[in-house]
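J.: pasting the sequence and the predicted coordinates here, then a few questions.
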Amino acid sequence: MPGSIFNLTEKHSIANSFLAELRNIHVQKDRMRFRRNLERVGEVLAYEISQTLRYAPADIETPLGVSSTALPAQRIVLATILRAGLPLHQGLLNYFDRADNAFVSAYRRQHKDGSFTIQLDYISTPDLDNSVLILADPMLATGASVNLALKEMARFGKPDTIHVVTVIASVAGIDAVRRQHPEAHIWAGSIDEELTAKSYIVPGLGDAGDLAYGEKR
């Protein structure tokens, strides 16, 4: 069964305010605010994803009796592509606080002709068999980083379900992920139409890693 695409801004919610501040060139000057807004979007999308999980009945003992409820019944692994994905990952972890965690080190290697390749240095991950894998990357531009991360993580087991969480996605990036990983569900804060020749999303928000942690050299 093919994966679904969720666009948070298709419905009006307080998340619109977080996304507006993330895009705003004046608010972006406050790195702490930028990181917190990435985290907030992660929290909202975690709640949305939680509604798709399998649940099992549970009885909870209270001081005055027993309360029956339903609790998530699947093992969750939260993965992120360093470094820009860390605040988004934290937002997901705030809600899925019992999840296992995985980290992927990947970066763009720019070539003289303007093209680039994705270089992956290492992966730290638990066993992924029968898990719900949630991969966070704040900007889904070409989809190359996500595709490479998912390809390499497949060496560590086969998840039951794959979710890709991003703050801003391009249509081209979504199409690229769906071609290689049609089973993956994509959760985006917002989806933008344009991708420049240098693979920047327009209107986008700029470089999420630089805005969160300072420009790299």
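T.: Received the coordinates, thanks.
J.: can we go C-alpha only for contacts and neighbour counts from here?
T.: Fine.
J.: the helices in this protein, which residues?
T.: Listed in chain order, the helices of the chain (DSSP state H) span 15-23, 31-50, 86-95, 144-153, 171-180, 208-213.
J.: of these, which approaches Gly3 most closely?
T.: Counting by C-alpha to C-alpha, Gly3 lies closest to helix 171-180 out of the helices of the chain; the figure is 7.9 Å.
J.: which other helices and strands does that closest one contact?
T.: Helices and strands touching helix 171-180, by 3 or more C-alpha pairs under 8 Å, 6 or more residues apart in numbering; DSSP states H and E, are helix 144-153, strand 185-192.
J.: which of these comes out lowest on mean pLDDT?
T.: Mean pLDDT across the helices and strands packed on helix 171-180 is lowest at helix 144-153; the value there is a mean of 93.
J.: circling back: would you turn the helices and strands packed on helix 171-180 into TSV with mean neighbour count and distance to Gly85?
T.: What follows is those, written out as TSV (neighbours: other C-alpha atoms under 10 Å; distance: least, C-alpha to C-alpha, whole Å):
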stretch	mean neighbour count	distance to Gly85
helix 144-153	19	11
strand 185-192	22	14
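J.: so which of the ones you listed is nearest Ser67?
T.: strand 185-192 (32.7 Å).
J.: the worst-scoring helix or strand of the chain on mean pLDDT pairs with which strands, parallel or anti?
T.: Ranking every helix and strand in the chain by mean pLDDT, DSSP states H and E puts strand 116-124 at the bottom, with a mean of 78. Strand 116-124 pairs in its sheet with strand 100-110 (antiparallel), by DSSP bridges.
J.: so how far is Glu215 from the residue nearest to Thr161 when sequence neighbours are not counted?
T.: Among residues not flanking Thr161 along the chain, Val132 sits closest, at 4.9 Å (C-alpha to C-alpha, 6 or more residues apart in numbering). Using C-alpha to C-alpha, to the nearest Å, we find Val132 at a distance of 33 Å from Glu215.
J.: returning to what we had before: so for the least confident helix or strand of the chain, what gets flagged as buried?
T.: Within strand 116-124, the residues scored as buried using 16 or more other C-alpha atoms under 10 Å are Ile118, Leu120, Ile123.
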